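1. Here is a sequence with its predicted model. Questions after.
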Amino acid sequence: MAQHKYLARQIVRYAPEGSIDADARGDYAIVRALPETGGGVPQYRVKAKIDGRERVVREDQLAPSEMAAEKA
């Protein structure tokens, strides 16, 4: 079982591969950790900082946010 890398309320950058979700790229807050996918990849429920929309994403689609680094 894989460990989740991010914690609730942490700000992350959503960066999906390809152009399918290209408009959804940006900073999101982790809402909560979810069970991993069938391939053993952790998932998260995240909320967009810009418009508040929520989505479920895989951990491999996330990276630390530059916004979070600026606040530190």
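-> Thanks, I have it.

2. Which residue lies nearest the spatial centre of the chain?
-> Centroid-nearest residue in the chain: residue 62, 4.6 Å away (criterion: C-alpha atoms, centre = their mean).

3. Please verify my assumption that that residue contacts residue 44.
-> Yes - applying C-beta atoms under 8 Å, one finds residue 62 in contact with residue 44, separated by 7.1 Å. Just so you know, the C-beta spots here come from the backbone N, C-alpha and C atoms, and that holds for glycine as well.

4. Touching both of these two, which residues are there?
-> residue 6 (C-beta atoms under 8 Å, 6 or more residues apart in numbering).

5. Residue 42 reaches residue 7, doesn't it?
-> No - judged on C-beta under 8 Å, residue 42 makes no contact with residue 7 at a distance of 11.9 Å.

6. These two - which one has more neighbours?
-> Counted by other C-beta atoms under 10 Å, residue 42 and residue 7 do not tie: residue 42 has more neighbours, with 19 against 10.

7. Other residues contacting stretch 39-51?
-> 1-6, 11-12, 14, 24, 26-37, 53-60, 62, 67.

8. Quick one: buried ones out of these?
-> 6, 11-12, 14, 24, 27-30, 33, 36, 55, 57, 59, 62 (16 or more other C-beta atoms under 10 Å).

9. Could you work out the most separated pair of these?
-> Greatest spacing in the buried ones among the contacts of stretch 39-51, by C-beta to C-beta: 27 and 36 (23.4 Å).

10. nearest spatial neighbour of residue 24, skipping sequence neighbours?
-> residue 14 (6.4 Å; C-beta to C-beta, 6 or more residues apart in numbering).

11. what's near enough to touch that neighbour?
-> 21, 24-28, 46, 55, 57, 61-62.

12. Would you map the helices across this protein?
-> 66-71 (DSSP state H).

13. Low-confidence stretches in it?
-> Applying pLDDT under 70 to the chain flags residues 1, 67-72.

14. and with 50 instead?
-> 72 (pLDDT under 50).

15. which strand of it spans the most residues?
-> strand 26-34 (DSSP state E).
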